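> next comes the sequence, and after it the predicted model I'd like to discuss.
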Amino acid sequence: MTVYIDTGVFIDYLIYRSLSGKLPRKVQRRRRSMSRLAKDVDSCLSKIKRNNYQALTSTLTLFEIENVMFQNITHYFKKGIAYKDSHVVISARIAINQGIATANTYNIKFLDLNNAIVHQMISSIVLQLKSIQSADSLHIITAIQNNAEIFISTDKHMTDLDNTIQNTNGKLIRFVDTDEALNIL
């Protein structure tokens, strides 16, 4: 089975392991507490690894993890502080290393973005009509091209796509949050 891991899953994994997860995840999601989110993602990734499923994500995930951290850290600084951004970038960049460490722990393979993915994203009328923005569309196209059967995401607009998009083999992709993924892995 091929499983695509979206960026928010990495954030949930880091909730109690790093500021990379703690800062962006301040509230519950779908009536699940922070500790439940962290436990669900740990169980989900462990199950993927234990069953030797092929776990994939895009290199875009690393950019998004750093970007989320950058946005969250900047809220802690007062406006007008000189050279603030250079210090924030250094603080946020560590999130990339934490994302790589998470991927290494669970054998998640990073896939490169390429022209074919970008061109397919641009030409996907379906994703445009469903109001899926570029970054999420790039993740979806990457999953499609790599025949993902399950797409694990923490974003409602992504899980709303459940069983509506086919992978290259023509199989409908399950778009689910970590708690639901546990039931189908």
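Ah, there it is.
> contacting residues for residue 57?
4, 5, 6, 7, 10, 103, 108, 109, 110, 111, 139 (C-beta atoms under 8 Å, 6 or more residues apart in numbering). In this view, the C-beta of every residue, glycine as well, is placed from N, C-alpha and C.
> go with 6 Å
5, 108 (C-beta atoms under 6 Å, 6 or more residues apart in numbering).
> go on, residue 133?
Contacts of residue 133 (C-beta under 6 Å, 6+ apart): none.
> how about residue 142?
Here residue 142 is in contact with 58, 111, 117 (criterion: C-beta under 6 Å, 6+ apart).
> which one is it nearest to, not counting chain neighbours?
Closest residue in space to residue 142, ignoring its immediate chain neighbours: residue 58 at 4.8 Å, by C-beta to C-beta, 6 or more residues apart in numbering.
> and for residue 89?
Distances taken as C-beta to C-beta, 6+ apart put residue 70 closest to residue 89, at 6.7 Å, once the chain neighbours are dropped.
> looking at it, that neighbour is touching residue 92, isn't it?
Yes - in terms of C-beta atoms under 6 Å, residue 70 counts as a neighbour of residue 92; the distance is 4.1 Å.
> more neighbours: those two, which one.
Applying other C-beta atoms under 10 Å to residue 70 and residue 92 shows that residue 92 carries more neighbours, namely 23 against 16.
> and the more buried one, what pLDDT?
pLDDT for residue 92: 84.
> which parts of this structure are helices?
Using DSSP state H, the helices found in the chain span residues 7-13, 19-22, 34-50, 60-74, 84-106, 115-123, 125-129, 134-145, 156-159, 178-184.
> closest one to residue 170 among these?
Judged by C-beta to C-beta, the one of those that comes nearest to residue 170 is helix 134-145, at 10.6 Å.
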